[in-house]
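Colleague: Quick one: sequence and predicted model below, then my questions.
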Amino acid sequence: MNHGKKPLIEAVLAWRNVWKNKRRTVLTLLTIMVGSAMVILFMSLQEGAYDVIIENAVSANSGHIQIHEKGFWEFRSIDYALIPDKRVINALKADPSIAGYTERVHAAGLVANEEASEIVFIQGVDPEMEKRVSSLHKAIRKGGRFLKPGDATQIVIGQTLAENLGVKVGDTLSIISQGFDGSIAGLRDLSIVGIFKCGNPEYDRYLILMPLGRAVETFAMGKYITSIAVRIHEGSLMPEVRERLKNAIHDDRLEIMGWDDLMPEIMQYVVFDRASAYIFYFVLYITVAFGVLNTIQMSVFERTREFGIMLAIGTRPGRILSMVVIESLFICIIGIILGALAGSALSYYFIVSPIDYTEYQKELEVWGFITLTKVPAKLAFSYIIETSLVVFITSMLFTIIPARRAARLKPVEAIRKL
Amino acid sequence: MKRIIPFIGAGVLAAGALSGIAHALSGMEIIERSEKAIRGDTQIALVEITIKTRRWTRTMKMKSWDNRAGKKSFAEVLAPRKDAGNRFLMITREGLMWQYNPDIGREMKIHPSMMLQSWMGSDFTNDDIVKESSIVEDYTHLLEGKNTIDGYECYRVIMSPKPEAAVVWGKIVYYARVEDYLPVRQEFYDQHDKLKKFLTCSDFRKMHDRMIPTIYKMVSLKKRRDPNVEEYTLMTIKDVVFNEKIDNRIFTLQNLKRR
């Protein structure tokens, strides 16, 4: 009959004990709350930044997915080319997740003006299709324009390349390259109509865009192209879309690569950065856990005599243990809820008003592929759950030590204390 | 008769001395002799180059002028029409290479970073074309024994790059005929001792004043995609003149750019 009431009594006692020393409890709550709020905030800032880094890197030029003949990405040679046949095009058109795709011809070449000769990567593009995939057309500097349908000998080049060659909009360039058939391709009087600065030093330094039709003709491509770049509406769906395309196209001669294959350095950066963040989180979790340990330890120590009396009048040690654990449980749960609320609120603030990294762009260029301007935070329910669980488990584990100590007190000795 | 005997004696002695040298021949000497046998101090050659890939086969005709002593060379594409008039100037000592292209009407310096790229879509790299002579200076040569290659008894010389040499290969194995040191085969290995490409020399003929291999076939293994299709570059020497004085004006940017 009494069985059902036992835990209730312990819970009531625990609840009262929690508020017996308000100041200490509030301090502990604050430790838990601030700890988990900070972890949630940093996670959402960090994940938000990864999304922006990936999205910027992907949208600059490469797209989320690229299709080439097997070997192209390794050798980057015009030797590797594919015919964009019905099966490939239909697969791309049929997938609802795909925002757009663009056909390209790539070739390495040499460009020269009076003194300098520079190695360049030529990318033949269809201006309209290209706009649906890359954001280079948005990165054109003042006074220039992107390629448009009907262009033939017009080109768009990167800013660093323009500086190295000492050319500006309106000037012309000559390029030597090699055709698909091995012939020598010489291109003269290509007029620069636009100069872009996309922030990715590699593109700014090496890339030249020319109209696709002209590239196909110059490099004697016939029906061939070298790559198809694909943009997806929702970047995080890339692995699924890649799988779907692989299944739909099903051609061993082609390689269908996601941005993580195309730019493994970004994935490496994210993994490395996440790992170092986890060390920081670990330190926070341990701090919170020791805060809890300290409070519970102190409150147990203070009540040695009380526990001694309880034991002397016949309370079972197990009940004392569970009472102390329940006290800690109350503090933890309240702290975690407050922490989750505070963390979410802070994250929300940075979602609404993103951090502006524009000033630090120069420093970030050290990483090459990173371009950041405004970086909104990204809050996922999983961050809250993950943080709360870890805080809860570590805190509860650290509670066991003082709780057991309370339960093991010898009544006679305990009563004499304090 | 009396006058002939000493001659015979001298001949026997000379032969003995020669064979003595042949036995003590070092790898270095074999490579030097081999190089000397196929090249003069200068050479003017008409060459046909056939490049075969899995998709296309192309044949080009080129005329080249080489000054080995001055380490300069010049080449002009004669055929096919589309590529005719492309000219190359190479100054080996400075590692420089220029290309003149008639379509754009100007010359361009081949960027150092392009030196390891394919020369005109062939299995030769720009570096192969410019720095070919350094196999004597940039490597140590170890005579490892004899092998029979294509029916010829050949010396097998292992060439390893000297530590300070800026070369791409981890090892080159050079086969030269015992009888006249002419090269028969060269194998190019990377740092991991993996065979990357090999050159076979065949069709030994008398050209101008000497016997040389007139067909050179380079096969690259690294980019071989279809095991059923052989991809290679074939260089055939159609005509060659050795040791004729070449006007130094040939090896100038003016000559490269002339219309």
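Modeller: Here it is on my side, so go on. Numbering: from 1, shown residues only, chains lettered A, B, ... in the order given.
Colleague: alpha carbons only for contacts and neighbour counts from here, please
Modeller: Noted.
Colleague: got any ranges where the chain has weak pLDDT?
Modeller: You didn't pick a chain, so chain A it is. A:1-7, A:113-116, A:361-372, A:418 (pLDDT under 70).
Colleague: please go with chain B instead
Modeller: The model of chain B has pLDDT under 70 over residues B:1-24, B:112-113, B:130-133, B:222-226, B:259.
Colleague: For it, which residues are neighbours of chain A?
Modeller: Residues of chain B found near chain A (Cα under 8 Å from any Cα of the partner chain) are B:56, B:58, B:82-83, B:101-104, B:108-111, B:114, B:120-122.
Colleague: Please list only the buried members of these.
Modeller: Among the residues of chain B next to chain A, those scoring as buried are B:58, B:83, B:101-104, B:108-110, B:114, B:120-122 (criterion: 16 or more other Cα atoms under 10 Å in any protein chain shown).
Colleague: picking that back up, closest one to A:I78 out of the residues of chain B next to chain A, please.
Modeller: For those, the closest approach to A:I78 (Cα to Cα) belongs to B:G121, at 9.8 Å.
Colleague: Surely the closest one is in contact with A:S177?
Modeller: No. Counting by Cα atoms under 8 Å, B:G121 sits too far from A:S177 to count as a contact (10.2 Å).
Colleague: out of the residues of chain B next to chain A, who's nearest A:R87?
Modeller: Using Cα to Cα, the residues of chain B next to chain A come closest to A:R87 at B:W56, 25.2 Å.
Colleague: and stretch A:168-188, anywhere near chain B?
Modeller: Yes. With Cα under 8 Å from any Cα as the criterion, chain B is reached by stretch A:168-188 at A:S174, A:I175, A:I176, A:Q178, A:D181, A:G182, A:S183, A:I184, A:G186, A:L187, A:R188.
Colleague: Show me those that map onto strands.
Modeller: A:S174, A:I175, A:I176, A:Q178, A:I184, A:G186, A:L187, A:R188 (DSSP state E).
Colleague: what about the longest strand in the chain?
Modeller: No chain was given, so I picked chain A. Under DSSP E, chain A gives strand A:98-112 as its longest strand.
Colleague: look at chain B instead
Modeller: Longest strand in chain B, counting by DSSP E: strand B:195-207.
Colleague: Return the set of residues that bridge with B:T125.
Modeller: Under DSSP bridges, the beta-bridge partners of B:T125 are B:S118.
Colleague: Kindly apply the preceding question to A:I119 instead.
Modeller: Counting by DSSP bridges, the residues bridging with A:I119 are A:L110.
Colleague: Could you pick out the residues of chain A near chain B for me?
Modeller: A:110-112, A:117-119, A:174-176, A:178, A:181-184, A:186-189.
Colleague: how about A:S77, secondary structure?
Modeller: Classification of A:S77 by DSSP: H, G, I helix; E, B strand; the rest coil places it in coil.
Colleague: ranges for the strands of the stretch 151-259 of chain B?
Modeller: Using DSSP state E, counting those that start in this stretch, the strands found in the stretch 151-259 of chain B span residues B:152-161, B:171-177, B:183-189, B:195-207, B:210-220, B:232-242.
Colleague: next one: the stretch 101-250 of chain A
Modeller: A:117-125, A:154-158, A:172-178, A:184-196, A:207-211, A:227-232.
Colleague: Can you add mean neighbour count and give the ones you listed back as a markdown table?
Modeller: Compiled in a markdown table, the strands of the stretch 101-250 of chain A are given as follows (neighbours: other Cα atoms under 10 Å in any protein chain shown):
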| stretch | mean neighbour count |
| --- | --- |
| strand A:117-125 | 22 |
| strand A:154-158 | 26 |
| strand A:172-178 | 22 |
| strand A:184-196 | 22 |
| strand A:207-211 | 25 |
| strand A:227-232 | 24 |
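Colleague: For B:K206, find the nearest of those strands.
Modeller: strand A:184-196 (33.2 Å).
Colleague: Could you export that closest one as CSV, CA atoms only?
Modeller: Extracted as CSV, the C-alpha positions of strand A:184-196 are listed here (Å, rounded to 0.1, in the frame of the first residue of the first chain):
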residue,chain,number,x,y,z
ILE,A,184,46.6,23.6,-81.7
ALA,A,185,43.8,26.1,-80.9
GLY,A,186,44.8,29.7,-81.3
LEU,A,187,42.2,32.3,-80.4
ARG,A,188,42.8,36.0,-81.1
ASP,A,189,41.0,39.2,-80.4
LEU,A,190,38.8,37.9,-77.6
SER,A,191,37.3,41.1,-76.1
ILE,A,192,36.9,41.4,-72.4
VAL,A,193,33.4,42.5,-71.6
GLY,A,194,33.4,41.8,-67.9
ILE,A,195,35.8,41.1,-65.0
PHE,A,196,34.6,39.1,-62.0
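Colleague: Any figure for the gap between the spatially closest residue to A:G170 that is not a sequence neighbour and chain B?
Modeller: Closest residue to A:G170 apart from its sequence neighbours, by Cα to Cα, 6 or more residues apart in numbering or on different chains: A:I192 at 5.4 Å. Distance, A:I192 to chain B, by Cα to the nearest Cα, to the nearest Å: 16 Å.
Colleague: burial measure for residue 250, as a count.
Modeller: In the absence of a named chain, chain A is used. Neighbourhood size, A:H250 [other Cα atoms under 10 Å in any protein chain shown]: 14.
Colleague: Oops, wrong one, chain B.
Modeller: 18.
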